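K.L.:
predicted structure and sequence below. I'll ask about it afterward.
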Amino acid sequence: MTAETAGDFVEAQVVLKNKYGLHARPCTLIAQTAKKFTSQVVLAKDGTEVDAKSIFGMLTLAAECGTELTVKARGPDAPEAVAKLQDVIGSFQAED
């Protein structure tokens, strides 16, 4: 889970660990965290990108347990945003 710079974006991969996948509770926590940053923050799965500040957008990814997600951010606090979201997503337990 290391962050890399891709053009103007900072990005990192993280594997979704909870057995229920990306459902309402994790999406809410991700969105609340992403909204603390001024950078544009995106969550991507299999080439589909959604706004990480949008709960509904993230739900459309239909990410299941074991899915590799890409966290991307562009803006003044992009490295911090990516690092924090990696921590949040990586901390989800099997029952979250």
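P.N.:
Yep, it's here.
K.L.:
grab the nearest non-local neighbour of Thr48.
P.N.:
Excluding the flanking residues, the one nearest Thr48 by Cβ to Cβ, 6 or more residues apart in numbering is Leu61, at 6.3 Å. Backbone N, C-alpha and C define where each C-beta goes, glycine included.
K.L.:
residues contacting that neighbour?
P.N.:
The contact partners of Leu61, by Cβ atoms under 8 Å, 6 or more residues apart in numbering, come to Leu22, Leu43, Lys45, Thr48, Val50, Leu69.
K.L.:
most neighbours among the residues you listed, which one?
P.N.:
Top of the contacts of Leu61 by neighbour number is Leu43, holding 27 neighbours under the definition other Cβ atoms under 10 Å.
K.L.:
just the pLDDT for the closest residue to it other than its chain neighbours.
P.N.:
Distances taken as Cβ to Cβ, 6+ apart place Ala52 nearest to Leu43, at 4.4 Å, with adjacent residues excluded. The predicted local confidence for Ala52 comes out at a pLDDT of 98.
K.L.:
distance check, Ala52 against Ala83.
P.N.:
Computed as Cβ to Cβ, to the nearest Å, the Ala52 to Ala83 distance reads 13 Å.
K.L.:
higher neighbour count, the two?
P.N.:
In this comparison of Ala52 against Ala83, neighbours counted by other Cβ under 10 Å, the higher total goes to Ala52 at 28 against 17.
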